[in-house]
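[1] the following block contains a protein sequence and its predicted model.
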Amino acid sequence: MSRLRSTLRLVRVAWFFNLKSLTTSGLFIFTSVIEPVIFATLAYYLFKAGNRPGTLLYASLSAGLMGIWTSTLFGSGGSISFQRWQGVLEPTIASPPPYILVLFPATLASATIGLYSLTATLLWGRLVFGIPLHFVHFGAFVLAVLLSILALGALGLLIGSSFVLYRNANALSNMLEFPVWIVTGAIVPLALLPGWVHPISWVLAPTWGFRAVRAAAFGGNPWPSLGWTVLLAAVYLLIGQWFIRIFEVRARERATLSLV
Amino acid sequence: MTAARIFLIGGLTSYRALFGWLTPWILIPSFLVAPLFQILLFAYIGRAANLESDRFYVIGNALQYAAVPCLFAMGNTVSGERQQHTLPLVLATPANRLALFVGRALPVIVNGFLVAAFGLAAGCVMLGIHVPASALAPLVLVAAVTAFSCTGLGLVTAALALRVRENAVTSNVLFGVLLIFCGVNVPLSALPDWMAEVAGGLPLTHGIAAGRELAAGASLSSTAGLIATEALIGVAYGIAGYALLRLLEVESRRRATLEVA
């Protein structure tokens, strides 16, 4: 019981520490607030010019969800690099708690920062473009957002774990931002994408999380999508734990932990 | 002679130093893969919004992506030197400043041009867009002129890097401004009037318009005005950027902030 309590305490403290740490980074705040607002503005004008004004809340919400993914991606990708640069990766890995209990709160914190994105784009839409904020199932909407963040944190763990081994792997962050926006249907309906893309989207938790958020916001049944979100998050955590164990051993063998 | 050496060799060394720490692992995803996904993203949003053709988004986004090297690399010529603690040494030399800074801009223009040209070619292949053979050479010219004008704005970001510590944020914000204002994804006619007015004074706007006209079959002579305007805008930003660099260099010396911004 005391072990469970100390584990939960570690996760909570590490999550909050990372949350505060990320909030002090100008670049990270840009990524999580200003960039989504830029995309929300673009999406607004695109849908308005395309004579689809009914989709303006959809555009605001989509830009916010895109921002959650971006902050997860950059935060998770950067998490291990930041620890490397600060010289704390080696002592952290050498410390008694499993490394997953240090990395997961960090990736969860970066996904949590995504709440700034969602808040920023919804407020931007409301205040600048006068888009009414009406959510059909508000309670389910909040739950869907929180569970999506949890699932994204788990996906971030999966991505971030590979960065223990490859010091340039955070370059993937630059490459993965737009593809996941496309494949998860964050702003483009999946029906418009080629058929071979669909199976890829099904194994990505954001697809289901975003679907649940939209179903809760615009009317629909969010619960099946939420179920898939939670299930995939659990799978990511299991695979992430396995990855970390393998990558950690390899990085120790090759002595690449502290290489920057 | 010394100025020519600083211009050519100094510029090339600075560029190599830039990618000495960026490495191909970052260069390829950032300059070759990311623009393709930006093109795809907006082409699909355009389809969802039922607004413009794929060709509109390919040309807009491919040319706009030249802004990534042009803004970020130029900014990093100052902030990278600061990180490596070589900025005070570089600025303590009596080197001709015009040769020093413009020399650093030249490889960046080539880089921006290659990124735009690759985006245009790969975007057309990916989305099956036909461009008349007669438009290919003029489109190459447009890509070069657009990269030049963006690098003019890049000189301004390089100057701002003398005062702003997180220069990547400045470059990101400018990149976003160009994305929204320059008719990259939303036709200027669909933007509010004031935004269209601002767009007229930004790099990219006229280059993208020229690129779209050429791809639609217009002749080089009929788009010469747009291309010349794009080049003039680049010259104007280049002059403003250089003047700002000199001004902020003097200010940074006076305030002793060269190393801390």
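    Yes, it's here.

[2] what's around residue 87, how many residues?
    In the absence of a named chain, this looks at chain A. As a burial measure, A:Gly87 scores 10 neighbours (other CB atoms under 10 Å in any protein chain shown). For the C-beta atoms, the positions are set from N, CA and C on the backbone; glycine is no exception.

[3] my bad, the chain I had in mind was chain B
    A count of neighbours around B:Leu87, defined by other CB under 10 Å, yields 22.

[4] secondary structure element holding the nearest residue to A:Leu147 once chain neighbours are set aside?
    If the residues on either side of it in the chain are set aside, A:Leu147 comes closest to A:Thr229, at 5.3 Å by CB to CB, 6 or more residues apart in numbering or on different chains. Using DSSP states H and E, A:Thr229 falls within helix A:223-254.

[5] and that helix, how far from the chain's centre?
    With CA atoms, centre = their mean, to the nearest Å as the basis, helix A:223-254 stands 14 Å off its chain's centre.

[6] near chain A, which residues of chain B are found?
    By the rule CB under 8 Å from any CB of the partner chain, the part of chain B lying against chain A is B:23, B:25-26, B:29-30, B:33-34, B:37-38, B:40-41, B:44-51, B:166, B:168-169, B:172-173, B:176, B:179-180, B:185-187, B:190-191.

[7] mind checking which of the residues you listed are buried?
    With neighbours counted using 16 or more other CB atoms under 10 Å in any protein chain shown, the residues of chain B next to chain A contain these buried positions: B:26, B:29-30, B:33-34, B:37-38, B:40-41, B:44-49, B:51, B:166, B:168-169, B:172-173, B:176, B:179-180, B:185-187, B:190-191.

[8] in strands only, show me those.
    Among those, no residue falls in strands (DSSP state E).

[9] any idea how far stretch B:245-260 is from the middle of the chain?
    Remark: stretch B:245-260 is offset 25 Å from the chain centroid, using CA atoms, centre = their mean.

[10] now stretch B:27-34
    Centroid separation for stretch B:27-34 versus its chain: 15 Å, with CA atoms, centre = their mean.

[11] and stretch A:106-118, by the same measure?
    For stretch A:106-118, the separation from the chain centroid amounts to 7 Å (computed by CA atoms, centre = their mean).

[12] tell me where the longest helix sits in chain B.
    Of all segments of type helix in chain B, defined using DSSP state H, the longest is helix B:220-255.

[13] do you know the pLDDT at the residue nearest to A:Leu147?
    Each residue has a pLDDT score; the one for A:Thr229 is 95.

[14] so it touches A:Ala215, yeah?
    No - A:Thr229 is beyond contact range of A:Ala215, at 11.6 Å (criterion: CB atoms under 8 Å).

[15] so, low pLDDT: which residues of chain A?
    A:1, A:52-54, A:163-174, A:259-260 (pLDDT under 70).

[16] chain B contacts on that one?
    Proximity of chain A to chain B is confined to A:26-27, A:30-31, A:34-35, A:38, A:41-43, A:45-52, A:55, A:168-169, A:171-172, A:174-175, A:177-179, A:181-182, A:187-189, A:192-193 under the rule CB under 8 Å from any CB.

[17] CA-only coordinates of stretch B:180-199 in PDB, if you can.
    C-alpha atoms of stretch B:180-199 as PDB (Å, rounded to 0.1, in the frame of the first residue of the first chain):
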ATOM      1  CA  ILE B 180      -2.000  33.600 -42.700                       C
ATOM      2  CA  PHE B 181      -1.500  36.900 -44.500                       C
ATOM      3  CA  CYS B 182       0.200  36.100 -47.800                       C
ATOM      4  CA  GLY B 183      -2.600  34.200 -49.500                       C
ATOM      5  CA  VAL B 184      -0.800  30.900 -49.000                       C
ATOM      6  CA  ASN B 185      -3.900  29.000 -48.100                       C
ATOM      7  CA  VAL B 186      -6.700  31.500 -48.100                       C
ATOM      8  CA  PRO B 187      -7.200  33.700 -51.100                       C
ATOM      9  CA  LEU B 188      -6.500  37.400 -50.400                       C
ATOM     10  CA  SER B 189     -10.000  38.200 -51.500                       C
ATOM     11  CA  ALA B 190     -11.400  36.100 -48.700                       C
ATOM     12  CA  LEU B 191      -9.300  37.900 -46.000                       C
ATOM     13  CA  PRO B 192     -10.400  41.200 -44.400                       C
ATOM     14  CA  ASP B 193      -9.300  44.200 -46.300                       C
ATOM     15  CA  TRP B 194      -6.700  45.300 -43.800                       C
ATOM     16  CA  MET B 195      -5.100  41.900 -43.900                       C
ATOM     17  CA  ALA B 196      -4.900  42.000 -47.700                       C
ATOM     18  CA  GLU B 197      -3.300  45.500 -47.400                       C
ATOM     19  CA  VAL B 198      -0.700  44.200 -45.000                       C
ATOM     20  CA  ALA B 199       0.000  41.200 -47.300                       C
END
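
[18] buried residues, it. List them.
    When neighbours are counted by 16+ other CB under 10 Å, the buried residues of stretch B:180-199 are found to be B:180-188, B:190-191, B:195-196, B:198-199.

[19] next: stretch A:244-252.
    Residues of stretch A:244-252 classed as buried by neighbour count (16+ other CB under 10 Å): A:244, A:247-248, A:251.

[20] what does stretch B:129-136 give?
    Buried residues in stretch B:129-136, counted by 16+ other CB under 10 Å: B:129, B:131, B:135.

[21] sorry, back to before: neighbour count winner among A:Thr229 and A:Ala215?
    Set side by side, A:Thr229 and A:Ala215 show unequal neighbour counts under other CB under 10 Å, the larger going to A:Thr229 at 27 against 21.

[22] in this structure B:Val68 contacts B:Phe31, no?
    Yes - taking contacts as CB under 8 Å, B:Val68 lies within contact range of B:Phe31: 6.9 Å.

[23] from the contact counts, what lies against the helix or strand of chain B with the lowest mean pLDDT?
    When each helix and strand of chain B is scored by mean pLDDT, DSSP states H and E, helix B:11-28 comes last, with a mean of 72. Counting contacts by 3 or more CB pairs under 8 Å, 6 or more residues apart in numbering or on different chains; DSSP states H and E, the secondary-structure elements packed against helix B:11-28 are helix B:74-83, helix B:97-127.

[24] pLDDT weak spots in chain B?
    Judged by pLDDT under 70, chain B has its weakly predicted residues at B:1, B:19-23, B:261.

[25] residues of the one helix or strand A:Ile149 maps to that come out buried?
    Counting by DSSP H and E, the element that carries A:Ile149 is helix A:138-162. Residues of helix A:138-162 classed as buried by neighbour count (16+ other CB under 10 Å): A:140-141, A:143-145, A:147-162.

[26] also stretch A:183-196?
    Of all the residues in stretch A:183-196, those buried under the rule 16+ other CB under 10 Å are A:183-188, A:193.

[27] tell me the contacts of A:Phe104?
    Under the criterion of CB atoms under 8 Å, 6 or more residues apart in numbering or on different chains, the contact list for A:Phe104 reads A:11, A:153-154, A:157, A:237, A:240.

[28] specify which member of those residues is nearest to chain B.
    Minimum distance to chain B across the contacts of A:Phe104 is 21.1 Å, recorded for A:Leu157 (CB to the nearest CB).

[29] excluding chain neighbours, what is closest to the closest one?
    Setting aside the residues directly before and after it, A:Leu157 is nearest to A:Gly240 in space (CB to CB, 6+ apart), at 4.0 Å.

[30] neighbours of B:Ala4, how many?
    Taking other CB under 10 Å as the criterion, the count of residues near B:Ala4 is 11.

[31] does it count as helix, strand or coil?
    With DSSP: H, G, I helix; E, B strand; the rest coil as the basis, the three-state label of B:Ala4 is helix.

[32] cool, A:Ser258 as well?
    For A:Ser258, the assignment made with three-state DSSP gives coil.

[33] my read is that it contacts A:Leu89, right?
    Yes - using CB under 8 Å, A:Ser258 is in contact with A:Leu89, at 6.4 Å.
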